[in-house]
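Asks: Can you look at this prediction? I've put the sequence above it.
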Amino acid sequence: MKAIEIDATEARERLKELGEGWAISEDGKSLQRDFKFRNFNEAFGFMARSALSAEKLNHHPDWFNCWNRVNVKLTTHDKGGLTDLDFRLAKAMNRASAGL
Ligand SMILES: C[C@H](O)[C@H](O)[C@H]1CNC2=NC(N)=NC(=O)C2=N1
């Protein structure tokens with residue numbers, strides 16, 4: 001999957017498509033969202049669904065799980081910043097958090 005780089009102006013524009021919770025990091029190089037679930041089982045279900053999307057996209061999240069919380073950071077390591085793949089994975093994670 002070819003990663004198309006996204007500049008700061010476009011990133012701010014595309015952030016709106018992602019809806020509640022997502023933010024661009026201070027340095028402009030990643031997307032971040034803290035997901036909170038009712039319990040560990042739901043958090044892990046979200047991670048399992050997200051992992052399948054990540055494999056399909058060949059694009060993987062940096063994330064940290066503590067019980068019912070999953071802190072997510074999306075960046076394209078190969079490019080040292082944001083690409084369309086980060087936004088595509090963010091959308092997939094939104095769906096995964098809704099159990100879809
Ligand atoms: C070789 C392979 O395509 C790359 O290492 C992929 C895998 N997953 C990845 N995930 C993320 N988030 N950034 C990358 O640059 C990246 N690169």
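Replies: Happy to help now that I have it. Residues are numbered from 1 along each chain as shown.
Asks: For this protein, which residues are neighbours of the ligand?
Replies: Within the chain, the positions near the ligand by CB under 6 Å from any ligand atom are 58-60, 75-78. Placement of C-beta: from N, CA and C, glycine included.
Asks: Give the PyMOL command for selecting the buried subset of these.
Replies: In PyMOL, this line selects whichever of the residues of the chain next to the ligand come out buried by 16 or more other CB atoms under 10 Å:
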select buried, resi 59+75+76
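Asks: where does the chain have low pLDDT?
Replies: Residue ranges of the chain with pLDDT under 70: 1.
Asks: Distance of the residue most central in space within it relative to the ligand?
Replies: When CA atoms, centre = their mean is applied to the chain, the residue found nearest the centroid is A90 (3.5 Å). Separation of A90 from the ligand (CB to the nearest ligand atom, to the nearest Å) stands at 11 Å.
Asks: Tell me the secondary structure at that residue.
Replies: The three-state label given to A90 by DSSP: H, G, I helix; E, B strand; the rest coil is helix.
Asks: for the chain, what spans make up the strands?
Replies: Under the criterion DSSP state E, the chain contains strands at 23-24, 31-36, 62-66, 69-74.
Asks: how about those in CSV, adding mean neighbour count?
Replies: Putting these into CSV (neighbours: other CB atoms under 10 Å) gives the following:
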stretch, mean neighbour count
strand 23-24, 14
strand 31-36, 18
strand 62-66, 13
strand 69-74, 19
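Asks: so can I have a markdown table of these showing distance to S53?
Replies: As requested, the strands of the chain are exported to a markdown table (distance: least, CB to CB, whole Å):
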| stretch | distance to S53 |
| --- | --- |
| strand 23-24 | 20 |
| strand 31-36 | 14 |
| strand 62-66 | 13 |
| strand 69-74 | 12 |
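Asks: so which of those strands comes closest to A51?
Replies: Nearest to A51 among these is strand 62-66; the distance by CB to CB comes to 9.8 Å.
Asks: Is the residue nearest to the centre of the chain in contact with Q32, as I believe?
Replies: No - with contacts counted by CB atoms under 8 Å, A90 stays clear of Q32, the gap being 9.6 Å.
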